[in-house]
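A.B. asks: this is a predicted model, with the sequence first.
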Amino acid sequence: MKKPIFIFLIFLCAVQASAQDPHFTQYYASPLYLNPGLTGASQHPRVMLNSRVQWTKLPQAFTTYAVSADIYIDKYHSGFGLMALTDKEGSANLRNTTLTGFYAAKIRLSKKWILSPGLAFGYGNRTIDYDKMIFGDQILFNGPTSDDAIGTLGNRSYFDFSSGVVIYNKNFWAGFSGYHINEPNHSLLGEISKVPMRMSVHAGGRIPISHNILSSSKLSSISPSFVYTRQGEFHQLDLGANIVFDPVLVGLWYRGIPLIETEYEKFSQDAIIFIVGLNLNYLEVNYSYDFTISHIGPDTGGSHEISIVFKLRNLDLSRGEKYDKFLPCPSDSGFEWRN
């Protein structure tokens with residue numbers, strides 16, 4: 001029986017056995033991807049664009065793009081959101097595309113504290129470019145393949161369900177989320193290959209810094225936070241802080257599990273991350289670079305990520321001051337909203 005020998009199929013088999021979601025370094029700029037409970041947790045409606053290119057020196061870099069939007073509607077004490085995400089990996093363009101709707105209730109625990117449970121319902125589609133695949137008989141006979149495996153490959157569509165909860169005020173936030181709770185089947189081979197649930201625990205805060213050396217009218221701050229994520233056998237910790245001298249943000253982060261050994265090296269190290277951002281009132285732009293420190297080394301070229309957040313204050317449906325009386329807003333990036 002003929003067997004495909006192209007390396008991508010080996011990669012595909014690994015993906016079939018244990019899938020892993022793409023991730024964003026700037027998770028605070030993609031809050032719906034982190035926790036459905038963060039839907040509508042800003043002072044004004046917003047639109048967020050995220051672009052990530054991972055390991056740029058590899059022949060086929062991993063790329064992820066997302067666009068999302070959310071809004072808080074005071075009448076319903078609820079946040080509503082929508083996110084479209086696509087990621088591509090491997091030389092045969094294995095692509096996963098999802099469209100997800102979000103809802104989060106805003107429950108006032110006190111004058112300063114909000115509890116926000118959220119839900120997300122999504123539809124996903126997984127595809128592969130057959131024309132970029134090479135099979136063993138094509139190499140041997142220099143012609144089209146007759147391998148039976150090509151007949152078993154196909155697109156896969158699936159429904160997805162996620163949930164999460166966040167508790168926060170203007171200067172602190174903590175939450176837990178679970179994505180792919182129903183563990184949908186996304187196999188391209190007509191078999192059973194479930195997406196493992198992705199669970200995250202995250203928390204952070206904004207510590208004001210008085211006596212801003214740049215401007216006495218703008219409050220500076222430091223925003224430390226962390227995210228611990230586990231999906232199947234994969235787990236990672238993102239830990240660091242952003243320092244804000246409004247309108248400029250700089251950040252230093254570490255990704256890895258420093259106390260756990262792996263089969264490749266003594267400890268699980270991934271990357272040191274540098275972030276710089278700019279707050280332009282209605283627009284927030286951030287850039288980050290992941291410097292690889294794992295066993296695969298810096299020869300990968302590291303990873304680049306850009307996020308753009310549009311703050312749509314003219315579309316505010318929360319009726320101005322009434323919003324502030326009901327709902328405090330966390331500043332999860334460290335930037336302050338300007339009134």
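C.D. replies: Now that the structure is in, tell me what you want to look at. This is a predicted model, so every value here is computed, not measured. Numbering: from 1, shown residues only.
A.B. asks: tell me which residues of stretch 108-123 come out buried.
C.D. replies: Residues of stretch 108-123 classed as buried: 114, 116-120, 122 (neighbour count, 16 or more other CB atoms under 10 Å). The way it works is simple: take the backbone N, C-alpha and C, and place the C-beta from them, glycine included.
A.B. asks: pLDDT weak spots in this protein?
C.D. replies: Scanning the chain for pLDDT under 70 picks out the ranges 1-19, 56-61, 90-92, 129-154, 210-219, 259-268, 295-300, 315-339.
A.B. asks: show me where it has helices.
C.D. replies: Shown for the chain, the helices assigned by DSSP state H span residues 7-17, 31-34, 136-141, 149-152, 321-326.
A.B. asks: in the second one, what's buried?
C.D. replies: Residues of helix 31-34 classed as buried: 31-34 (neighbour count, 16+ other CB under 10 Å).
A.B. asks: which one of these is nearest to Leu82?
C.D. replies: Leu32 (8.4 Å; CB to CB).
A.B. asks: look up how far Ile207 lies from the closest one.
C.D. replies: As judged by CB to CB, to the nearest Å, Leu32 and Ile207 stand 25 Å apart.
A.B. asks: strands of the stretch 201-339 of the chain, residue ranges please.
C.D. replies: Ranges of strands in the stretch 201-339 of the chain, per DSSP state E, counting those that start in this stretch, are 207-209, 220-231, 234-245, 248-257, 268-279, 283-292, 303-311.
A.B. asks: distance to Asn50 and mean neighbour count for those strands - can I get that in TSV?
C.D. replies: What follows is the strands of the stretch 201-339 of the chain, written out as TSV (distance: least, CB to CB, whole Å; neighbours: other CB atoms under 10 Å):
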stretch	distance to Asn50	mean neighbour count
strand 207-209	26	13
strand 220-231	15	19
strand 234-245	15	19
strand 248-257	16	18
strand 268-279	13	19
strand 283-292	10	18
strand 303-311	5	20
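A.B. asks: which one of those lies closest to Gly178?
C.D. replies: Gly178 sits nearest to strand 220-231 of all those, at 10.3 Å, using CB to CB.
A.B. asks: if I pick Tyr287, what's in contact with it?
C.D. replies: 275-277, 304-306 (CB atoms under 8 Å, 6 or more residues apart in numbering).
A.B. asks: 6 Å instead, please
C.D. replies: Tyr287 makes contact with 276, 306 under the criterion CB atoms under 6 Å, 6 or more residues apart in numbering.
A.B. asks: closest one to Ile181 among the strands of the stretch 201-339 of the chain?
C.D. replies: Ile181 sits nearest to strand 220-231 of all those, at 12.3 Å, using CB to CB.
A.B. asks: send me the closest one as CSV with only the CA atoms.
C.D. replies: Extracted C-alpha coordinates of strand 220-231, given in CSV (Å, rounded to 0.1, in the frame of the first residue of the first chain):
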residue,chain,number,x,y,z
SER,A,220,1.5,56.8,34.4
SER,A,221,1.2,53.2,35.5
ILE,A,222,2.7,49.7,35.6
SER,A,223,0.5,46.8,34.7
PRO,A,224,1.8,43.4,35.7
SER,A,225,-0.2,40.3,34.7
PHE,A,226,0.0,36.6,33.8
VAL,A,227,-1.9,34.0,31.8
TYR,A,228,-1.5,30.3,32.4
THR,A,229,-2.9,28.1,29.6
ARG,A,230,-3.3,24.3,29.3
GLN,A,231,-4.6,22.4,26.2
